[in-house]
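1. kindly generate the corresponding structure for this input.
(2 chains)
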Amino acid sequence: GAVVSQHPSRVICKSGTSVKIECRSLDFQATTMFWYRQFPKQSLMLMATSNEGSKATYEQGVEKDKFLINHASLTLSTLTVTSAHPEDSSFYICSARGSTDTQYFGPGTRLTVL
Amino acid sequence: RKEVEQDPGPFNVPEGATVAFNCTYSNSASQSFFWYRQDCRKEPKLLMSVYSSGNEDGRFTAQLNRASQYISLLIRDSKLSDSATYLCVVNIGGGFQKLVFGTGTRLLVSP
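-> From the prediction side, this is the model:
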């Protein structure tokens, strides 16, 4: 199956700092990438959808100025959590979709904000 | 009402048992349906798609009832390695083919 990587896999940062997470499709071109967040014992919640070269579409309740998404190429999307706070601590997972409807998930990034 | 509802479990079963999970969805315009498996602190992995005619993949059988907006997953001859959380996932369509995830049903298979 297609491979999607995320970096870093784990990050611990101080409150107020910004954190960038990268999502790459390694062996296919992803026209659409998705960013999800999962809090403990809860389901994955879609945060935003990004298409290469255009602005991301954010889900209701997700602050676009706080969660900056860039999809600069067909293989890379980045999520920047700006001025992170402890309540932003979560498991962030990206997925990528190529020419088929199947979404391939990255391994996730565990963010802890102190 | 949640868009996708599942019994969170946990379902505790012995090895070799048969276990069934159910899921209901609220959006009648949903286009496609999936079961994903998620291990602790890992990303979800696609287990199987679910078709109206029902489909089987080895020990796993999935069924879809569009009229009742109900999806099921049956696991036969449970293995220890089947222990995981099983996520019911619905593609509600739209331009971006948005996936909506249930909270998952936890399965624990014991020796």
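2. helix or strand with the lowest mean pLDDT in chain A?
-> Within chain A, confidence by mean pLDDT, DSSP states H and E is lowest for strand A:103-105 among all helices and strands, at a mean of 89.
3. that one near chain B anywhere?
-> Yes. In terms of Cβ under 8 Å from any Cβ of the partner chain, part of strand A:103-105 sits within range of chain B, namely A:103, A:105. In this view, the C-beta of every residue, glycine as well, is placed from N, C-alpha and C.
4. now for that strand, which elements pack on it?
-> In terms of contacts (3 or more Cβ pairs under 8 Å, 6 or more residues apart in numbering or on different chains; DSSP states H and E), strand A:103-105 is packed against strand A:90-97.
5. one step back: the least confident helix or strand of chain A: what's the following helix or strand?
-> Per DSSP states H and E, the first helix or strand lying C-terminal to strand A:103-105 is strand A:109-113.
6. describe which strands that following strand pairs with in its sheet and in which direction.
-> Taking DSSP bridges as the criterion, strand A:109-113 sits next to strand A:10-13 (parallel), strand A:90-97 (antiparallel) in its sheet.
7. what about the nearest residue to residue A:75 once chain neighbours are set aside, neighbour count?
-> In space, and not counting its chain neighbours, residue A:75 is closest to residue A:25: 5.0 Å by Cβ to Cβ, 6 or more residues apart in numbering or on different chains. With neighbours defined by other Cβ atoms under 10 Å in any protein chain shown, the count for residue A:25 comes to 25.
8. identify the bridge partners of residue A:25.
-> For residue A:25, the residues forming beta bridges with it (DSSP bridges) are residue A:4.
9. pLDDT value on it, please?
-> Residue A:25 is assigned a pLDDT of 93 by the prediction.
10. contacting residues for it?
-> Each residue near residue A:25 by Cβ atoms under 8 Å, 6 or more residues apart in numbering or on different chains is listed here: A:2-4, A:33, A:74-75, A:96, A:98, A:104.
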